[in-house]
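Novice: Coordinates only, no sequence provided:
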């Protein structure tokens with residue numbers, strides 16, 4: 001008989017996505033899995049370069065975005081690269097499912113966690129306010145990732161972290177995408193306002209910094 005084409009799942013990621021395909025194999029019966037990683041790249045470059053792999057994606061397919069770690073550096077205007085990256089994604093206007101993962105918090109340089117918190121808050125709000133054709137979802141990965149899921153250095157996910165992330169992604173995709181839920185949020189912390197530190201970074205050492213640049217001042 002005629003075998004129907006497998007649904008496709010493509011992950012567009014920074015180096016955080018390395019070897020993720022190995023751990024995503026348990027989605028294998030449902031999906032054909034492809035992971036594109038671009039080490040050291042900002043969100044916008046990962047999306048812009050990755051678009052070639054997903055241009056023909058349809059309502060059966062899923063795109064997962066796992067980036068942001070390289071956008072948030074001291075004194076760098078991450079709002080701009082975030083905006084450009086998300087715009088590139090929105091401009092595609094694909095009739096497909098997109099899961100945008102939050103940026104994992106940092107244990108190698110906790111001073112960046114305030115900015116990561118605002119980055120994620122901003123990104124989740126862009127997902128929340130999106131009203132195009134794509135079915136957009138935001139997955140707050142800091143809810144389940146803890147210190148033990150990262151390498152000793154504290155920047156990259158270790159194999160436990162990758163396994164956990166893959167499991168959570170599978171659960172999330174089955175719960176949302178496969179049930180056809182519109183704009184779904186995994187995290188209660190995603191409200192219209194900036195979530196409290198406690199909610200987002202309960203596992204992180206977040207510095208109390210007087211010079212927090214609030215994201216509201218950006219377009």
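Specialist: Thanks, I have the structure now. No experiment lies behind these values; they were computed from the predicted model shown.
Novice: Quick check: residue 64 touching residue 16?
Specialist: No. Counting by Cβ atoms under 8 Å, residue 64 stays clear of residue 16, with 11.3 Å between them. The C-beta positions use only the backbone N, C-alpha and C, and glycine is treated the same way.
Novice: Now for residue 58, how many residues are close by?
Specialist: 12 (other Cβ atoms under 10 Å).
Novice: Tell me who's in contact with it.
Specialist: 95, 96 (Cβ atoms under 8 Å, 6 or more residues apart in numbering).
Novice: tell me the SS of it?
Specialist: Three-state call for residue 58 (DSSP: H, G, I helix; E, B strand; the rest coil): coil.
Novice: Tell me the spacing between it and residue 46.
Specialist: Counting by Cβ to Cβ, to the nearest Å, the separation of residue 58 from residue 46 is 22 Å.
Novice: again with residue 122
Specialist: 17 Å.
Novice: of those two, who's got more company?
Specialist: Higher neighbour count among residue 122 and residue 46: residue 46, with 25 against 18, using other Cβ under 10 Å.
Novice: before we move on, could you check phi and psi at the more buried one?
Specialist: Dihedral angles of residue 46 (phi, psi; degrees, to the nearest 10) stand at phi -60, psi -40.
Novice: What distance do you get for it to residue 22?
Specialist: Applying Cβ to Cβ to residue 46 and residue 22 gives a distance of 20 Å.
Novice: and if you look at residue 114?
Specialist: Distance, residue 114 to residue 22, using Cβ to Cβ: 33 Å.
Novice: more neighbours, the two?
Specialist: The residue with more neighbours, out of residue 114 and residue 22, is residue 114; 19 against 13, by other Cβ under 10 Å.
Novice: Can you say which helix or strand has that one in it?
Specialist: helix 113-129 (DSSP states H and E).
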